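*Asks:* got a sequence here, can you model it:
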Amino acid sequence: MSGDFTIDQKRYLEGFVSGAQVARVARAPGAAAAAEPAGPDAASLKAMARTEAEGMKLTPEEKAKREEMGLDAYSRMEAAAVEGVFPKGPDILRWKYHGLFYVAPAQDSFMCRMRMPNGILTHWQLRGIADIAQTHGGGYADVTTRANLQVREIPATDGVILLEKLVDLGLTAKGAGGDNIRNVTGTPTAGIDPQELLDTRPYAKAWHHHILNTRAMYGLPRKFNVAFDGAGMIGALEDTNDIGFQAIEVKDGFGVAAGVWFRLALGGITGHKDFARDTGVILPPCDAVRVADAIVRVFIDSGDRTDRKKARLKYVLDAWGFEKFLGAVEEKLGAKLQRLPAEAVAPRPEPDRLAHLGVHPQKQAGLNWIGIGLPVGRMSVAQMRGLADIAAQYGDGDVRFTVWQNLLLSGVPDARVSEAKAAIVALALTAEPDVLQAGIVACTGAAGCRFGNADTKATALAIGVHCGPKLTLDSAVNIHVTGCHNSCAQHYIGDIGLIGARVAINDEGDTVDGYHVLVGGGFGSEAAIAEELLQDVKAPDAPGVIEQLLNLWMAQRLPGEAFAAFSRRLGAQALKSHLTLNATPALERAQ
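*Replies:* Below is the predicted model of the structure:
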């Protein structure tokens, strides 16, 4: 047998030897105990040690992070790229710290998810990503529900090259996956929105750079989401994030300066059926980074490192209560947080659920943003280059992505709107408002994600193709199609939500793509968790189910009644009794 070990064998042996120790903490010769952890990783290492001292077992992911932090694996990732091999075992997690996801068995390739604070790129950055996607990926990019981009079908040899080319564009993928603080979202129309209270761009960007330049921010027990909402016309879905900073207007007479502040909401994770809740805390916008840093540090100290399903901030808040948690944050800050009663805050402007499609006037006189529909968020490289050209030729050069998986081109003069729209149509895209298109959101699904139980993007496209010619909707309806309980497409907040399921077709265990269907979800001032309506609907039947639900709503709603309110008023059982589709075995079981 050869004396040489493969990379994987070497990592296994290293882990075996060091698994019971705190990584990178040296022992003096003959010392009886390990030295106290120090440096930027100390808080996470101490949290791991406390967990074991209390007699609990760390998850394999925590042990892997202790053996080697993902940020420290870059040289090995480079070596693996030279060999043309994908990561195995714990390295699959470590590579995610650099933004590379090995997505087998769905695709034997990497996916790279990027960071772009507030979801904004320049036209030349979009064109550069198109070049990267063509040379190193599958020739397309997908807009995500965190208002950023991901490139797929990246060979093992090309992952590192792609990451370095992103840096050349002034972009990065660092921390876009794994147990990290994900892409920082903000109001897509920040700085151009006539109704906004605050331009979120500088705050999202400041937090983005703080994360990138603060090693301690990578010591989390699980992923973490932060969003800034400026109360503009297009929502940032900040209430679905671990931290939501909501721009509010404080009234006179409550002991603080009247004007615009951030309100702090904590604990959103709609895949676990919870929204971020108002803490009663307000803060000057300039303090957002400092407060977010303290919150993350408390989470690093206290988050569950024994159960991945319970390792999110919500579960610390559930166990401690908000006051105890905020007290710990105040200890980190060395100062008290400002609290105000709800009556001190003026009502926030409501978002327009259709403002991310079509032409809308900006706060700058004579200029407009154009919201462009991207079916299930996908763009070919030719479309990306064409959109970059339109942004440069007709707009201000910015390309703004939204959590609704589409994009806006901003700064288009009144006199050039028609030309810009014609150029968009020439790319086989549309800038016309379309109620159905505006509300359809889909995650990657089984075609590109190993967790997906169904091909969500194909189903979402089928819903649009099937329902579009048959229905004329006059008000917004959100249809969220997600592949698994990770809920990347947030099925629980959709007017109609579909979550992928394997549907049995015989007694031998054979299954096909299918969905459980939910109704009545919402967000913002209408926040609600959807109720299950049907189980085990086969994927080909899903468009017909959606068509019937929408027809039922339009026929039986009260004046001005939104779909979510309609479905809540009737309830799932009553809605189910009205379904008159020819029942397949799956629908029979559901009813």
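
*Asks:* going along the chain, name the strands of the stretch 301-450 of the chain.
*Replies:* For the stretch 301-450 of the chain, applying DSSP state E, counting those that start in this stretch gives strands covering 338-339, 358-361, 367-372, 378-380, 398-401, 407-413, 440-442.

*Asks:* can you list contacts of the fifth one?
*Replies:* Right, the one you point to is strand 398-401. Residues outside strand 398-401 that contact it (Cβ atoms under 8 Å, 6 or more residues apart in numbering): 116, 119-123, 125-126, 143, 147-149, 188-189, 369, 387-388, 391, 407-411. (C-beta placed from N, C-alpha, C; glycine too.)

*Asks:* tell me which strands that strand pairs with, and in which orientation.
*Replies:* Using DSSP bridges, strand 398-401 pairs in its sheet with strand 120-122 (antiparallel), strand 407-413 (antiparallel).

*Asks:* and if you look at the shortest one?
*Replies:* Each strand pairing with strand 338-339, determined using DSSP bridges, is listed with its direction: strand 277-283 (antiparallel).

*Asks:* and the most centrally placed residue in the chain, backbone torsions?
*Replies:* Centroid-nearest residue in the chain: residue 146, 3.7 Å away (criterion: Cα atoms, centre = their mean). When read as degrees, to the nearest 10, the backbone of residue 146 gives phi -110, psi 30.

*Asks:* not counting sequence-adjacent ones, nearest residue to it?
*Replies:* Nearest non-adjacent residue to residue 146, counting by Cβ to Cβ, 6 or more residues apart in numbering: residue 183, 4.6 Å away.

*Asks:* pretty sure that neighbour is in a strand, no?
*Replies:* No: for residue 183, which was evaluated using DSSP: H, G, I helix; E, B strand; the rest coil, the result is coil, with no strand membership.

*Asks:* near it, how many other residues are there?
*Replies:* 26 (other Cβ atoms under 10 Å).

*Asks:* so it makes contact with residue 148?
*Replies:* Yes: using Cβ atoms under 8 Å, residue 183 makes contact with residue 148 at a distance of 4.5 Å.

*Asks:* highest average neighbour count across the strands paired with strand 398-401?
*Replies:* Across those, averaging neighbours per residue (mean count of other Cβ atoms under 10 Å) puts strand 407-413 on top, at a mean of 24.

*Asks:* okay, angle between that one and strand 367-372 too, please.
*Replies:* Calculated by axes from the mean of the first three to the mean of the last three Cα atoms, to 10 degrees, strand 407-413 forms an angle of 150 degrees with strand 367-372.

*Asks:* how near is residue 538 to residue 558?
*Replies:* With distances taken as Cβ to Cβ, to the nearest Å, residue 538 is found 32 Å from residue 558.

*Asks:* compare those two (neighbour count), which wins?
*Replies:* residue 538 (20 against 9).

*Asks:* tell me which of the strands of the stretch 301-450 of the chain sits most buried.
*Replies:* Here the criterion is mean neighbour count by mean count of other Cβ under 10 Å, and of the strands of the stretch 301-450 of the chain the winner is strand 440-442, at a mean of 27.

*Asks:* which helices and strands does that one pack with?
*Replies:* Under the contact definition 3 or more Cβ pairs under 8 Å, 6 or more residues apart in numbering; DSSP states H and E, strand 440-442 sits against helix 456-467, strand 479-482.

*Asks:* quick one, what contacts residue 404?
*Replies:* Applying Cβ under 8 Å, 6+ apart, we find residue 404 in contact with 234, 356, 438, 439, 441.

*Asks:* give me the pLDDT for the first one.
*Replies:* At residue 234 the predicted local confidence, pLDDT, stands at 96.

*Asks:* how many other residues sit next to it?
*Replies:* For residue 234, using other Cβ under 10 Å, the count is 29.

*Asks:* quick check: it vs residue 413, distance?
*Replies:* Applying Cβ to Cβ to residue 234 and residue 413 gives a distance of 21 Å.

*Asks:* and the fourth one, by the same measure?
*Replies:* Spatial separation of residue 439 from residue 413 under the definition Cβ to Cβ is 29 Å.

*Asks:* can you check the third one too?
*Replies:* Residue 438 sits at a distance of 25 Å from residue 413 (criterion: Cβ to Cβ).
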